[in-house]
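Student: mind folding the following:
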Amino acid sequence: MSAESRDYFIAGNRFAAPSLAPGLYVVATPIGNLRDITVRALETLAAADLILCEDTRTSARLLDHYGITGKKQAFHEHNERGKAEDIAGRIASGAAIALISDAGTPLLSDPGFPLIRALAEQNLPVFPIPGASALLSALVVAGLPTDAFAFHGFLPPKAGARANTLKKHVDSRETLIFYESPRRLADTLSAMAEILGERQAVVALELTKRFERTHRGTLGALAADFADTETKGEAVIVVAGAAEPSAPAAEDWQAALRKAMQIQPLRAAVDEVSGRFGLKRKEVYDAALALKSAG
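Tutor: Below is the predicted model of the structure:
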């Protein structure tokens, strides 16, 4: 590769990219606005011996915008397992290879996991080049708790499988994040409202693009809003976690404890009541001792 091909351009100004150490560079790219890319990402893409692209035609728009002319190769879900061994061999021989997806951070609902596993098993270097991420962009504007969240990617397209997957998250208390295609958005929101209940949620569309918009409301309201609405581009759905269960009334569990103690040994009664009401065993045990002492 010639030295000239390792250049990149920003606003017409030419910059020479420094050389890279051998390894795989997992490079985040913009999710919409082409300016949302780091200088380090541009340096890496310009200097790489090879750029693995989910779709070379899609990636060409970004690379051409910054004057990056390095060699590109298609790397997607249909060929990634077959190419992993060859890529590992190149890196072992000293190549610096960049991995990008069509948009955002690779591996997050995008190809790359089998390759990273293969490199890890061979103790070959992998470097993250962080940047844009649709799920994090939606999360930080959603106005929902961010101290604990779980990303679940795309739900199954078929209604039955989608419902079964959602049922697994009914009791999850962390904020839930999903990706969805525009043609399934209304059906998914309707299924969420039915299974998860009237939780607060956010639908983020066209993030970082000209017509970026964020819709907030309950799942039921959002399902109604999008029932007859056509959208473009992938959506990010952010859903509030399940509410903390309310503490059982003391009179209820203590009445159950009295009844249990009439037909079971004390320890067995304590185990049954603490499990049924979700209480700490010590609290129930102390109450049982008090009831026993009172006769």
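
Student: show me what contacts the residue nearest to Ala21 when sequence neighbours are not counted?
Tutor: Among residues not flanking Ala21 along the chain, Ala96 sits closest, at 6.7 Å (C-beta to C-beta, 6 or more residues apart in numbering). For every residue, glycine as well, the C-beta is placed using N, CA and C. For Ala96, the contacting residues are 19-23, 25, 47-49, by C-beta atoms under 8 Å, 6 or more residues apart in numbering.

Student: 7 Å instead?
Tutor: Residues in contact with Ala96 (C-beta atoms under 7 Å, 6 or more residues apart in numbering) are 20-23, 25, 47-49.

Student: same check on Leu63?
Tutor: Leu45.

Student: which element is it on?
Tutor: For Leu63, the host element (DSSP states H and E) is helix 56-65.

Student: run through the stretch 1-150 of the chain and note the low-pLDDT ranges.
Tutor: Within the stretch 1-150 of the chain, the ranges that satisfy pLDDT under 70 run 1-4.

Student: all strands of the stretch 1-150 of the chain, in order?
Tutor: 7-10, 13-16, 23-27, 50-53, 72-74, 96-100, 126-129, 149-154 (DSSP state E, counting those that start in this stretch).

Student: other SSEs contacting the last one?
Tutor: Spelled out, that is strand 149-154. The contact analysis (3 or more C-beta pairs under 7 Å, 6 or more residues apart in numbering; DSSP states H and E) places strand 149-154 against strand 175-180.

Student: spatially central residue in this structure, please.
Tutor: Phe151 (3.2 Å; C-alpha atoms, centre = their mean).

Student: just the buried members of the contacts of Ala96?
Tutor: 20, 23, 25, 47-49 (16 or more other C-beta atoms under 10 Å).

Student: re earlier: residues touching the residue nearest to the centre of the chain, list them.
Tutor: With C-beta under 7 Å, 6+ apart, Phe151 has these contacts: 135, 177.

Student: for Ala163, give its distance to Thr229.
Tutor: Between Ala163 and Thr229 the computed distance is 22 Å (C-beta to C-beta, to the nearest Å).

Student: neighbour count for those two, which is higher?
Tutor: Neighbour count, other C-beta atoms under 10 Å: between Ala163 and Thr229, Ala163 has more, with 15 against 11.

Student: now the more buried one: how far from Ala240?
Tutor: When Ala163 is compared with Ala240 (using C-beta to C-beta), they lie 19 Å apart.

Student: same question for His65.
Tutor: Separation of His65 from Ala240 (C-beta to C-beta) stands at 38 Å.

Student: do Leu24 as well
Tutor: 37 Å.

Student: which one's more surrounded, these two?
Tutor: A direct count of neighbours by other C-beta under 10 Å for Leu24 and Ala240 places Leu24 higher, at 26 against 21.

Student: now for the spatially closest residue to the more buried one that is not a sequence neighbour, how many residues are close by?
Tutor: Nearest-residue entry for Leu24: Val126, 4.8 Å, with adjacent residues in sequence omitted and distances by C-beta to C-beta, 6+ apart. For Val126, the neighbour count with other C-beta under 10 Å is 15.

Student: okay, the strands of the stretch 1-150 of the chain in JSON lines with distance to Leu107 next?
Tutor: Listed next are the strands of the stretch 1-150 of the chain as JSON lines, based on distance: least, C-beta to C-beta, whole Å:
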{"stretch": "strand 7-10", "distance to Leu107": "24"}
{"stretch": "strand 13-16", "distance to Leu107": "28"}
{"stretch": "strand 23-27", "distance to Leu107": "7"}
{"stretch": "strand 50-53", "distance to Leu107": "12"}
{"stretch": "strand 72-74", "distance to Leu107": "17"}
{"stretch": "strand 96-100", "distance to Leu107": "9"}
{"stretch": "strand 126-129", "distance to Leu107": "10"}
{"stretch": "strand 149-154", "distance to Leu107": "11"}
